[in-house]
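> Build the 3D model from these lines:
(chains A and B)
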Amino acid sequence: EVQLVESGGGLVQPGGSLRLSCAASGFTFSTYEMNWVRQAPGKGLEWVSYISSSGSTIYYADSVKGRFTSSRDNAKNSLYLQMNSLRAEDTAVYYCARGPVVPQSMDLWGQGTTVTVSS
Amino acid sequence: DIQMTQSPSTLSASVGDRVSITCRASQTISGWLAWYQQKPGKAPKLLIYKVSSLESGVPSRFSGSGSGTEFTLTISSLQPDDFATYYCQQYNTYPLTFGGGTKVEIK
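Here you go, the predicted model:
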């Protein structure tokens, strides 16, 4: 089955760290660009980070730049998001999403993992 | 950054209604415009890409149109399964940006 499964979310104190993982299956992960997108409670979608298929090109939203690090391990079919210096405003459901695969945009999403930053 | 503005933010409609949602980009995005549907507690689902191309498996009652900076998602005959929140998104340049969302509610 073609799917993405996120894990690693949880409750963390402000200033703390968390590492999210996204496990891909059912497709050739190494050939796809990937993104992280988050959604704060009751709010809309916010793009967080992009990583190219090889991992050589990475972009970040200004809101997380310098605090979050995206990476991938194509041998393990896995995508990661290392989140440091977490703030209350980082509280959200974090989704990994496949693509864009031109001409499509992000065509496959995981179920999401919840990150709560609170003391 | 490219700003995406959706309207309305909420739409009340009945089963069988034709509904339209508008999305405006702050600058041209060369047609790299997608629409997503999201239901409570679920991940977004890609409906339309490149302005008007229907994603595989999406019912034909969904259609997209527009050009330049103004785009529209139309549902020709609203079905019970269509009550959800809809987002537009540009993928012309990074950072990728989404519209604020349109919640389609039962009238």
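> tell me, what residue is most central in the chain?
Let's take chain A. Centre of chain A computed as the mean C-alpha position; nearest residue by Cα atoms, centre = their mean is residue A:36, 3.1 Å away.
> was after chain B, sorry
Closest-to-mean residue, chain B, Cα atoms, centre = their mean: residue B:35 / 3.8 Å.
> Mind listing the residues bridging to that residue?
residue B:48, residue B:88 (DSSP bridges).
> Look up how far residue A:90 lies from it.
27 Å (Cβ to Cβ, to the nearest Å). No exception for glycine: its C-beta is placed from N, CA and C like everyone else's.
> Residue B:95 now?
In terms of Cβ to Cβ, residue B:95 sits 16 Å off from residue A:90.
> Residue A:84 too?
Applying Cβ to Cβ, the value for residue A:84 to residue A:90 is 10 Å.
> quick one, which of these two is more surrounded?
A count of neighbours by other Cβ atoms under 10 Å in any protein chain shown puts residue A:90 above the other of residue A:84 and residue A:90, at 22 against 14.
> What pLDDT does the model give the residue nearest to that one when sequence neighbours are not counted?
Nearest non-adjacent residue to residue A:90, counting by Cβ to Cβ, 6 or more residues apart in numbering or on different chains: residue A:117, 5.2 Å away. With respect to pLDDT, residue A:117 scores 98.
> do the same with residue A:9
Note on residue A:9: pLDDT of 97.
> could you measure the nearest residue to it once chain neighbours are set aside against residue A:64, distance?
Counting by Cβ to Cβ, 6+ apart, residue A:113 is the residue found nearest to residue A:9 once chain neighbours are left out, at 3.5 Å. As for residue A:113, its distance to residue A:64 is 16 Å (criterion: Cβ to Cβ).
> now residue B:83
In terms of Cβ to Cβ, residue B:83 sits 32 Å off from residue A:64.
> between the two, which one's more packed in?
residue A:64 (22 against 15).
> ok, the closest residue to residue A:2 other than its chain neighbours - how many residues close by?
The shortest distance from residue A:2 to any non-neighbouring residue, by Cβ to Cβ, 6+ apart, is to residue A:26 (3.6 Å). Residue A:26 has 11 neighbouring residues, counting by other Cβ under 10 Å.
> and residue A:26, what does it touch?
If you count contacts by Cβ atoms under 8 Å, 6 or more residues apart in numbering or on different chains, residue A:26 has them with A:1-3.
> Would you mind giving those residues as JSON lines with distance to residue B:68 added?
Below are the contacts of residue A:26 laid out as JSON lines (distance: Cβ to Cβ, whole Å):
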{"residue": "A:1", "distance to residue B:68": "39"}
{"residue": "A:2", "distance to residue B:68": "34"}
{"residue": "A:3", "distance to residue B:68": "36"}
